[in-house]
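S.K.: Mind folding the following:
(one chain, ligands or ions: 1)
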Amino acid sequence: MIKDSAQSNNGAHLNGHSNNGHQLADEIGENHVGTSYDTPLRPDAFEKDDDLKIELIAKHFKEIMLILGLDLEDDSLKGTPGRVAKMYVQEIFSGLKPENKPSITLFENKYKYNEMLVEKNITFYSNCEHHFVPIHGKAHVAYISNGNVIGLSKINRIVQYYAKRPQVQERMTMQIANELKEVLQTDDVAVLVDATHLCVSSRGVQDVNSQTVTSHYCGIFQEDESKRKEFINYISLNSKNEI
Ligand SMILES: [Zn+2]
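M.R.: Take a look at the predicted model:
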């Protein structure tokens, strides 16, 4: 199921051209406030194919470089617009495209393992949707099987799919949790994300030490504190956001 419905999200007023609108948009961006659960997409988000998107982004990125005063005749810079465009569409923002969502096969839980399964330290790279600079960190995921299991690498792929979008960390955490709930057909899912935002460390307040932690607990993880503690214990055995 495609969850990211095209929508006019409740941040639509940010598109207004009044000064107030711009001020509010600036504040929301600097404070890293997300406006909606779904990635805000335009209704025509997938009307252009990837090749056309690459061509158009390259053209516009070239303009940005020219405005900055860069000499695009220089051999070192010549290929940059095309490289950036390709990287955006095929790599770091490829998770915007529903057809890039990993297909998941469920297996029967033959061993009747009904304890918590934890997949921790899943390294991810994303990009802050407010500044378009990297967010990187670790995602930790747990679930309790209701009779089905998925291949461990699929959990990583789900994390990567939602990371490869312009993101807000809280939204990414929820999107991963909801996808796992749907795929595994259970509510017993926990997701914890521990990340560094380069828009905080490399610019703005330039705090190189802060990390941002977000979590989403569902089902038994929400109801039973001991399950949350068990999950935290497993991930804190050796959990550092070190890349
Ligand atoms: Zn940011």
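
S.K.: and the gap between Ile67 and Pro134?
M.R.: Distance of Ile67 to Pro134, computed by Cβ to Cβ, to the nearest Å: 23 Å. (Each C-beta comes from the backbone N, C-alpha and C, glycine too.)

S.K.: and these two? which has more neighbours close in?
M.R.: Legend: neighbour count by other Cβ atoms under 10 Å for Ile67 and Pro134, higher for Pro134 (18 against 8).

S.K.: need the contact list for the residue nearest to the more buried one when sequence neighbours are not counted.
M.R.: Distances taken as Cβ to Cβ, 6 or more residues apart in numbering place Leu198 nearest to Pro134, at 4.7 Å, with adjacent residues excluded. Leu198 is in contact with Cys128, His131, Val133, Pro134, Ile135, His136, counting by Cβ atoms under 8 Å, 6 or more residues apart in numbering.

S.K.: Try it again at 7 Å.
M.R.: Val133, Pro134, Ile135 (Cβ atoms under 7 Å, 6 or more residues apart in numbering).

S.K.: now, among those residues, which is nearest to the ion?
M.R.: Comparing those against the ion with Cβ to the ion places Val133 closest, at 6.5 Å.

S.K.: For the closest residue to the closest one other than its chain neighbours, give its distance to Ser210.
M.R.: The shortest distance from Val133 to any non-neighbouring residue, by Cβ to Cβ, 6+ apart, is to Leu198 (4.4 Å). Per Cβ to Cβ, Leu198 is found 12 Å from Ser210.

S.K.: Quick one: mean pLDDT for the helix or strand that contains Glu179?
M.R.: Using DSSP states H and E, Glu179 sits within helix 169-184. In this model, helix 169-184 carries a mean pLDDT of 96.

S.K.: Could you pull out the buried residues of it?
M.R.: Residues of helix 169-184 classed as buried: 169-181, 183-184 (neighbour count, 16 or more other Cβ atoms under 10 Å).

S.K.: for stretch 79-92, which positions count as buried?
M.R.: Residues of stretch 79-92 classed as buried by neighbour count (16+ other Cβ under 10 Å): Thr80, Pro81, Gly82, Val84, Ala85, Lys86, Tyr88, Val89, Ile92.

S.K.: could you dump these to CSV with pLDDT?
M.R.: Shown next, in CSV, are the buried residues of stretch 79-92 (pLDDT from 0 to 100):
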residue, pLDDT
Thr80, 98
Pro81, 98
Gly82, 98
Val84, 98
Ala85, 98
Lys86, 98
Tyr88, 98
Val89, 98
Ile92, 97
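
S.K.: In TSV: those residues, plus secondary structure.
M.R.: Shown next, in TSV, are the buried residues of stretch 79-92 (DSSP: H, G, I helix; E, B strand; the rest coil):
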residue	secondary structure
Thr80	helix
Pro81	helix
Gly82	helix
Val84	helix
Ala85	helix
Lys86	helix
Tyr88	helix
Val89	helix
Ile92	helix
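
S.K.: Quick check: of those residues, which lies closest to Tyr37?
M.R.: Ile92 (21.5 Å; Cβ to Cβ).

S.K.: isn't the closest one right next to Pro166, touching?
M.R.: No - counting by Cβ atoms under 7 Å, Ile92 sits too far from Pro166 to count as a contact (9.1 Å).

S.K.: and for those two, which residues touch both?
M.R.: Going by Cβ under 7 Å, 6+ apart, residues that sit against Ile92 and also against Pro166 are Asn127.
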